[in-house]
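Engineer: generate a structure from the sequence data that follows.
(2 chains)
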Amino acid sequence: DAGVIQSPRHEVTEMGQEVTLRCKPISGHDYLFWYRQTMMRGLELLIYFNNNVPIDDSGMPEDRFSAKMPNASFSTLKIQPSEPRDSAVYFCASSFRDRGPVDTQYFGPGTRLTVL
Amino acid sequence: EDKVVQSPLSLVVHEGDTVTLNCSYEVTNFRSLLWYKQEKKAPTFLFMLTSSGIEKKSGRLSSILDKKELFSILNITATQTGDSAIYLCAVEMRSSGDKLTFGTGTRLAVRP
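Structural biologist: Down below sits the predicted model:
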């Protein structure tokens, strides 16, 4: 299996522009998580999906952030308009729960976002 | 407020040393605690702990959970330069669905 795939790996954009991050989870996994990592705040959960349905988006910073999962193999995280404080590494992770404690989350390589 | 606190924040040791990383938590309805290793890229899974007093071991790494005192330790013996990384602790709570709450991590540097 190729693991969790994220694109792009690096994104540099200017303030005010729209940014779209993409994620392909591991095939068969029914949970998908979006995280943001910064030096100051560490790893923060933004939103997660179960069977393509958003379950908890309480970590989404504000209305400029939105996430979708149109099918089991694809999710997007969009920032519009982007701001310099959004600069961070954004990770996507997926897992599979089989009626027990949550399985381990497998992380993608991350997207390093820089907003100038 | 649920908290996961790791200590120390950073650590520098020499090859061959033994290190102990700490993770304490204050959460409601604890379910499990997980350790991850993050090198240059994404975190990779190390251990999941759900029961007190049962040591999980993988090579030179081991971890144990104390649910009474609300902490876990990660031990690395005979450290190597390849152990240099950020070690993340995360807690899953029954009340929070399936999400993990991460600590800020311990940055370990192993010098030759």
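
Engineer: what parts of chain B come near chain A?
Structural biologist: B:31-32, B:34, B:41-45, B:48, B:50, B:88, B:92, B:96-105 (Cβ under 8 Å from any Cβ of the partner chain). Heads up, the C-betas are built off the backbone N, CA and C, glycines and all.

Engineer: what bridges to A:Tyr31?
Structural biologist: Here A:Tyr31 sits in beta bridges with A:Asn50, A:Ser95, going by DSSP bridges.

Engineer: wait, what's in contact with it?
Structural biologist: The contact partners of A:Tyr31, taken as Cβ atoms under 8 Å, 6 or more residues apart in numbering or on different chains, are A:Tyr48, A:Phe49, A:Asn50, A:Ser94, A:Ser95, A:Phe96, A:Arg97, A:Val102, A:Gln105, B:Asp98.

Engineer: for these, which one is nearest B:Thr77?
Structural biologist: A:Gln105 (26.5 Å; Cβ to Cβ).

Engineer: can you check the pLDDT for the residue nearest to the spatial centre of chain A?
Structural biologist: Residue closest to the mean C-alpha point of chain A, counted by Cα atoms, centre = their mean, is A:Trp34 at 2.8 Å. You'll see A:Trp34 listed with a pLDDT of 96.

Engineer: would you mind measuring from it to A:Leu116?
Structural biologist: A:Trp34 sits 23 Å away from A:Leu116, going by Cβ to Cβ, to the nearest Å.

Engineer: how about A:Leu46?
Structural biologist: 22 Å.

Engineer: compare these two (neighbour count), which wins?
Structural biologist: Between A:Leu46 and A:Leu116, counting by other Cβ atoms under 10 Å in any protein chain shown, A:Leu46 is the more crowded of the two (20 against 10).

Engineer: what sits up against whichever strand or helix holds that one?
Structural biologist: Assigned by DSSP states H and E, A:Leu46 belongs to strand A:42-50. Residues from elsewhere that reach strand A:42-50 (Cβ under 8 Å, 6+ apart): A:30-37, A:54-57, A:59-61, A:65, A:67, A:69, A:75, A:77, A:91, B:43, B:88, B:97-105.

Engineer: ok, now stretch A:52-61?
Structural biologist: A:44-49, A:66-67, A:69-72, B:96-99.

Engineer: what's the PyMOL line that selects buried ones from those residues?
Structural biologist: Buried members of these can be picked out in PyMOL with the line below, counting by 16 or more other Cβ atoms under 10 Å in any protein chain shown:
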select buried, (chain A and resi 45+46+47+48+49+67+69+72) or (chain B and resi 96+98+99)
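
Engineer: which one of the contacts of stretch A:52-61 is nearest to B:Thr20?
Structural biologist: A:Glu44 (26.2 Å).

Engineer: so what's the closest one scoring on pLDDT?
Structural biologist: 90.

Engineer: now A:Asp86
Structural biologist: A:Asp86 is given a pLDDT of 96.

Engineer: and what of the one 4 residues further on?
Structural biologist: What the model reports for A:Tyr90 is a pLDDT of 96.

Engineer: residues contacting it?
Structural biologist: Counting by Cβ under 8 Å, 6+ apart, A:Tyr90 has contacts A:Gln6, A:Leu21, A:Trp34, A:Tyr35, A:Arg36, A:Gln37, A:Leu77, A:Gly110, A:Thr111, A:Leu113.

Engineer: give the contact list for the third one.
Structural biologist: What it means is A:Trp34. Contacts of A:Trp34 (Cβ under 8 Å, 6+ apart): A:Cys23, A:Leu45, A:Leu46, A:Ile47, A:Tyr48, A:Ala67, A:Ser75, A:Leu77, A:Tyr90, A:Phe91, A:Cys92.
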